[in-house]
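In: kindly return the folded structure for what I paste below:
(2 chains)
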There are 2 protein chains.
Amino acid sequence: MIRVADNNTIFIGKKPTENYVFSTIMLFTNGAGEVSIKARGMAIKRAVDVAEIVRNRMESMMKTKVTYSDIKIATEKVQREDGESNVSSIEIILKK
Amino acid sequence: MIRVADNNTIFIGKKPTENYVFSTIMLFTNGAGEVSIKARGMAIKRAVDVAEIVRNRMESMMKTKVTYSDIKIATEKVQREDGESNVSSIEIILKK
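Out: Next comes the predicted model:
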């Protein structure tokens, strides 16, 4: 199972990239106008890969133009056993 | 040595994050109004870390507000021994 929030948000974790690509395309296919892809730390690269694969695949296979309506990066505080630490995060908003 | 192009661009590779943070802050200190941070593949997470650390450090230590004037993601073709493959890339433009 991939975490999908009510508001068309996909949280990128440690699953294979294709799983998130599939979930994102499903949201668009089911009528979403925008999908937000969120990731932290090591998952940031995977989030960028997911966004680019979705964009290219929607264009080549479904003749649907998907663009970036916003890309945000930020720093989040994360609680660990040995205290608090900073982790970078990314939010990529794809728009159909 | 860190690769710095003429046009205030930092290319993120495999060096420690701090090296790129230092180079970016140096460009701003030497008068750059904008610095572009570029990375591909596995270096994407490091690029996001560098941008966030620069932004936070410029604000906390130098009382200088740095914002994102643009963040772009794309797909690039890379030649490998076994043929051509796609790699995701990011460009983060920081503005003083």
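
In: could you use CA atoms for every contact and neighbour count after this?
Out: Fine.

In: and chain A, which of its residues are near chain B?
Out: Listed as neighbours of chain B in chain A under the rule C-alpha under 8 Å from any C-alpha of the partner chain: A:41-45, A:48-49, A:52, A:71-75, A:88-89.

In: same thing but at 6 Å, please
Out: Proximity of chain A to chain B, by C-alpha under 6 Å from any C-alpha of the partner chain, involves residues A:44-45, A:49, A:88.

In: among these, which pair sits farthest apart?
Out: Greatest spacing in these, by C-alpha to C-alpha: A:D49 and A:S88 (16.8 Å).

In: format the residues of chain A next to chain B as JSON lines; extra columns: secondary structure.
Out: Output for the residues of chain A next to chain B, formatted as JSON lines (DSSP: H, G, I helix; E, B strand; the rest coil):
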{"residue": "A:I44", "secondary structure": "helix"}
{"residue": "A:K45", "secondary structure": "helix"}
{"residue": "A:D49", "secondary structure": "helix"}
{"residue": "A:S88", "secondary structure": "strand"}
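
In: the closest residue to A:I92 other than its chain neighbours: helix or strand, and which one exactly?
Out: For A:I92, ignoring the flanking residues on the chain, the nearest one in space by C-alpha to C-alpha, 6 or more residues apart in numbering or on different chains is A:I71 at 4.6 Å. Using DSSP states H and E, A:I71 sits within strand A:67-80.
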